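# got a predicted model here, sequence first, then my questions.
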Amino acid sequence: MQNQSTKEIKKQIENNQLKRYVLSVVSGQEELVVENLRERVKKQGLEEDVVDFLSPVINESSLKKWEKVIKTKKIYPWYVFVKSKMNDKIWYVVRNTPWVRLIVWAETHPIPLSDDEYNKIITQIEESKERAELHIPYKEWDLVILKSGDFKGMQWLVKTIDTEKSIVVVNIEMLGRLTPVAIGWDKIELVS
């Protein structure tokens, strides 16, 4: 019985299939861990055995003084995902990379993520990216109402949309003439 479990452990440590493993790393060092791993894998000649590194980030957009500001945000801080085969040498290289704390679920031997677990993570990353994009909820010719300012409560049609600056241009009637005015999309709302 003991001989069989030893064979199972040895078989999992000597897995020649590419699988995804999760590394717990020191906070704020995710990109440095990826850099160090790439360098160590290359020096050890393991490029065919360790093929991918992922420290997922998204770009969050926001408006600051009418300007679009983009900040990078880590989706899984403290973690790096590695796609690799697994054997004693690879396990040693990964575990002994600076700022790697441990391979998650690896007490006696590394256990990879299942395909289902990895697909859920990728879905979360994609959903985070979609939510992070600055979305302007208007299109040309929408009827909008101004929420504040001198023209509060007045309704206009959206003439154009500038997604780079997150503004819409509406024609305001002033002194009997239509005048185009740029308004931040957060200062108006759709007329229901």
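Thanks, I have it.
# now the element after whichever strand or helix holds residue 178, going C-ward?
Using DSSP states H and E, residue 178 falls within strand 177-184. Heading C-terminal from strand 177-184, the first helix or strand you meet, by DSSP H and E, is strand 188-190.
# for that following strand, packing partners?
Applying 3 or more C-beta pairs under 8 Å, 6 or more residues apart in numbering; DSSP states H and E, we find strand 188-190 packed against strand 143-146. C-betas here are computed from N, CA, C, even on glycine.
# helix/strand/coil for residue 48?
coil (DSSP: H, G, I helix; E, B strand; the rest coil).
# now it: how far from residue 71?
Separation of residue 48 from residue 71 (C-beta to C-beta, to the nearest Å): 36 Å.
# now residue 140
Taking C-beta to C-beta, one finds residue 140 at 29 Å from residue 71.
# could you do residue 22 as well?
Taken as C-beta to C-beta, the span from residue 22 to residue 71 is 25 Å.
# and these two? Which one has more around it.
Of the pair residue 22 and residue 71, residue 22 is the one with more neighbours under other C-beta atoms under 10 Å, namely 23 against 11.
# which ones are touching the more buried one?
By C-beta atoms under 8 Å, 6 or more residues apart in numbering, residue 22 lies in contact with 79-82, 103-105, 113.
# what's the pLDDT at it?
We have a pLDDT of 91 for residue 22.
# continuing past the helix or strand harbouring it, what's the next helix or strand?
Using DSSP H and E, residue 22 sits within strand 15-25. Per DSSP H and E, the first helix or strand lying C-terminal to strand 15-25 is helix 30-44.
# please identify the buried residues of that following helix?
Neighbour-count burial for helix 30-44 flags 30, 32-34, 36-37, 40-41 (criterion: 16 or more other C-beta atoms under 10 Å).
# could you dump the residues you listed to a markdown table with distance to residue 118?
As requested, the buried residues of helix 30-44 are exported to a markdown table (distance: C-beta to C-beta, whole Å):
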| residue | distance to residue 118 |
| --- | --- |
| 30 | 18 |
| 32 | 23 |
| 33 | 19 |
| 34 | 17 |
| 36 | 23 |
| 37 | 18 |
| 40 | 23 |
| 41 | 20 |
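# now which of the contacts of residue 22 would you call buried?
The neighbour count (16+ other C-beta under 10 Å) marks 79-82, 103, 113 as buried among the contacts of residue 22.
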